[in-house]
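Asker: quick one, structure for this:
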Amino acid sequence: MQTKRLWALGLILTLVACNPAKRLDRNFNLFQKNIDSVVVTPLQNPVIQPNDQLNITVYSATLNQEQAALFNLANTAGSNGAMAGEGAVGGSTSAAGYFVDLEGFIQMPVIGLVKAAGLTIPALRDTLQARLATYVMNPVVLVKFNQFKVSVMGEVKNPGIKTFPSGIATILDAINTSGGLNDEGRRDSVVLIRQDSGRIQHYVYDLRSVQNTFASPEYQLQQNDVVYVKANDRKLRQLKQNPNTMRTISVISTIASLILITLTLYRTF
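Answerer: The predicted model follows:
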C-alpha cells in the first residue's frame, strides 16, 4: 500500500513538472569562446553626421565672457541659432543646440556656415576655435552630442531608442541599456544594421564569442545604428502555432491529467 502511495505521488509530481515552462536555450551563456586573449578594437571618436544635434559652448580664457555669449544662445534658443526644429527631418522639434543640416553644415552666429559632418568632435572643436579667434579673445570651445541615438529591437527586455550623450557606445552598451537579452533572444545572432555612404550594411555578432564581439571593427556603434536581437528557434516554433489550438490542447491535457490522478488515487486508497 505504501508503495502505491509513493507511486501515485510520483505520478502527480511528474504531471505537474510536465506543465509548460521556460527552458533556457542551450547557448544561453555569453562569452564562452576565445576568452583567453583577445585584441580589443580600440574605441574611436565618433564622426559627426547630418541630422546630428550638437551642444557647442564657447567661452573666453579671459575675465571677459560677454564676447562669447552670442555663440551660446543656440544651446537654449534652438538649433542653428534660431528656433529649435528648423531644418529638422519631418519638421519635428529638436533639442536646443546646433543642428547639422543635410549638407553637413551648422549655422553659427557671425562666422556663418561651418562644415561639421565628417569631422570628429575634437576636429570640429579645433576648427571653431580657429574661426572664433577673430571675435573672441583666447576662445575655448566645448562640443558634445545632444542626441546620439541608437535603436534596439527584438528580443531585449526594454527595446526602443537609446541615447548616449558622450557619443561613444558599443554593441554591449546598447544591449545593457535595453535591460539585456530575453531568454528567447539568440546569443549567436545579434544583427547590427547601419547606413554607410548611402548603403545599408549589416553585421552579425556571436555574443558567445569574445573574439567575434570585442575584436569586431563594428563593436563601436555609430549614430542611428539599429541593433536587432533575433528570436531563437523555440519562440519561432511557438509563433507558428495557432493560439486557439494550443489553448485547447492545454485544457484537454489538464483535464486528462486530473482524471488520471483521480483514478490513481481512488485505486490506491
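
Asker: okay, buried residues for the biggest strand by length in the chain please.
Answerer: The single longest strand within the chain, with elements called by DSSP state E, is strand 185-196. The neighbour-count criterion (16 or more other C-beta atoms under 10 Å) identifies 185-187, 189-192, 194 as the buried residues of strand 185-196. Yep, even glycine has a C-beta here, placed from its N, CA and C like the rest.

Asker: now do it, average pLDDT.
Answerer: Rounded to a whole number, the mean pLDDT of strand 185-196 is 86.

Asker: next SSE downstream of it?
Answerer: With elements assigned by DSSP states H and E, the helix or strand that comes after strand 185-196 is strand 199-205.

Asker: could you pull out the buried residues of that next one?
Answerer: Within strand 199-205, the residues scored as buried using 16+ other C-beta under 10 Å are residue 205.

Asker: repeat that for stretch 69-77.
Answerer: Using 16+ other C-beta under 10 Å, the residues of stretch 69-77 that count as buried are 71-72, 74-75.

Asker: rewinding a little: make JSON lines from the buried residues of strand 185-196 and add distance to residue 170 to it.
Answerer: Shown next, in JSON lines, are these (distance: C-beta to C-beta, whole Å):
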{"residue": "185", "distance to residue 170": "17"}
{"residue": "186", "distance to residue 170": "19"}
{"residue": "187", "distance to residue 170": "16"}
{"residue": "189", "distance to residue 170": "18"}
{"residue": "190", "distance to residue 170": "12"}
{"residue": "191", "distance to residue 170": "15"}
{"residue": "192", "distance to residue 170": "11"}
{"residue": "194", "distance to residue 170": "14"}
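
Asker: what's the closest of those residues to residue 48?
Answerer: Distance ranking of the buried residues of strand 185-196 against residue 48, using C-beta to C-beta, places residue 194 first at 15.8 Å.

Asker: bridged to that closest one, which residues?
Answerer: Residue 194 forms beta bridges with residue 201, as assigned by DSSP bridges.
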